[in-house]
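# Take this sequence and fold it.
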Amino acid sequence: MAKLLASTLKRLGDWPPFWPLGQNLAVLAILLTLALEKALPSSGLQPPVERPYFQYFLFLSLGVFLLWPLTGARSPEKKSKFRAKDKFYAMAFLLLGSLNVVAGKMDLLPAIFFPTPDRILAVLVEDFNYLILVCLYSSAKLLVTGFFSGALAGLITGVAIGFSKPAAYWLNPLIKILGPIPPTAWIPIVLVAFPTTWAGAAFLIALSVWFPTSVMTSSGILNVQNAYFEVSSALGAKKVYQIFLVGIPAAMPLIFTGLFSGACASFLTLMTAEMVGVKNGLGWYINWQREMLSYANVYAGLIVIAISFYSLITLFFLVRDRLLVWQKGMIKW
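Predicted coordinates:
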């Protein structure tokens, strides 16, 4: 009987709700936030919402944090990663709960500029069709067009500089002069030179990606060991083979660094371009709601931007890790 009880307790100890308190901080933080939301009365200054969206969010988060670790219950590595992030998640929920108490319960912050989580979540749910399906789609279309155009131009320019001395002679001064200029500084010229603001915004995004991609691609190719090209030439490789199967693969780490820098710059340029001319998109939506003093909508737009860009960057790193898997063990990952 004693052995059966000990075995049962051991199994329960492996299940997240029965971990020691020090490893359950996220769950405790959610429960504390939920208790404060239920116990404290709401103020009269914050506009009411139709449904308790914040409570729904907390209950959903509680279920996720109780069940998610079970997916890796038999994997010590996954369990260790989850527990390592426990404090971060707990702090995030405590900050969210503190904002809810200070803004929604105690009225210590101006209601017009600091909406409660309930109001922000209400915008995400009730304005989903326009905010997500229309504005996010418009921004994604503009970003993809500008990013891939700029990345392709940057790769071509960088490869030309890396492999051709005449190209380097003519293009290097151009990059050094035009590259450091912020893309948004070209807005007055772009608005005149391009037939539509959408085309101009796509050009600005492409320009923000082109510069770091060109610089890092050319640097990566110029830093490839000359022995690689000598060996390939001795084996009969032609110039095209050396470019695409020797130079570019060897320069991939720096190429991805340039693409990552270009991606970050493209996000900033996208928001600015949409705020000054484009008639749709997340940047336009935020600027429009700010002028209407609808700050709950502004924060909802910022949340959509943060989640979208985080997802894109995560996908970008997954692609990089897949293509550069040969680096694992050679450098610190």
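
# And Val144, how far from Ala151?
Distance, Val144 to Ala151, using Cβ to Cβ, to the nearest Å: 11 Å. In this view, the C-beta of every residue, glycine as well, is placed from N, C-alpha and C.

# Who has more neighbours out of the two?
Using other Cβ atoms under 10 Å as the criterion, Val144 and Ala151 rank with Ala151 on top: 23 against 14.

# give me every residue that touches the more buried one.
Taking Cβ atoms under 8 Å, 6 or more residues apart in numbering as the criterion, Ala151 is in contact with Val209, Trp210, Thr213, Leu259, Gly262.

# of the residues you listed, closest to Val190?
Proximity of the contacts of Ala151 to Val190, judged by Cβ to Cβ, is greatest for Trp210, which lies at 14.2 Å.

# what's the helix or strand for the closest one?
According to DSSP states H and E, Trp210 maps onto helix 197-222.

# Walk me through the domains of this protein.
As recorded under automatic domain parsing, the domains making up the chain are 11-124, 128-327.

# where in the protein is pLDDT low?
Along the chain, the parts satisfying pLDDT under 70 run over 1-23, 69-79, 327-333.

# Now do the lengthiest helix in it: which elements does it pack against?
In the chain, taking DSSP state H as the definition, the longest helix is helix 295-323. Taking 3 or more Cβ pairs under 8 Å, 6 or more residues apart in numbering; DSSP states H and E as contact, the helices and strands that helix 295-323 lies on are helix 117-126, helix 252-276, helix 282-291.

# which parts of stretch 321-328 are buried?
Leu324 (16 or more other Cβ atoms under 10 Å).

# For Ala185, the count of nearby residues, please.
Count around Ala185 with other Cβ under 10 Å applied: 10.

# Ok, Met292 next?
Counted with other Cβ under 10 Å, residues neighbouring Met292 total 10.

# hang on, Thr272 packs against Thr184?
Yes. If you go by Cβ atoms under 8 Å, Thr272 and Thr184 touch, sitting 4.9 Å apart.

# Are there residues contacting both of these two? Which ones?
Taking Cβ under 8 Å, 6+ apart as the criterion, Thr272 and Thr184 both touch Leu204.

# Kindly reformat the contacts of Ala151 as TSV containing distance to Gly301.
Converted to TSV, the contacts of Ala151 look like this (distance: Cβ to Cβ, whole Å):
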residue	distance to Gly301
Val209	23
Trp210	28
Thr213	28
Leu259	26
Gly262	24
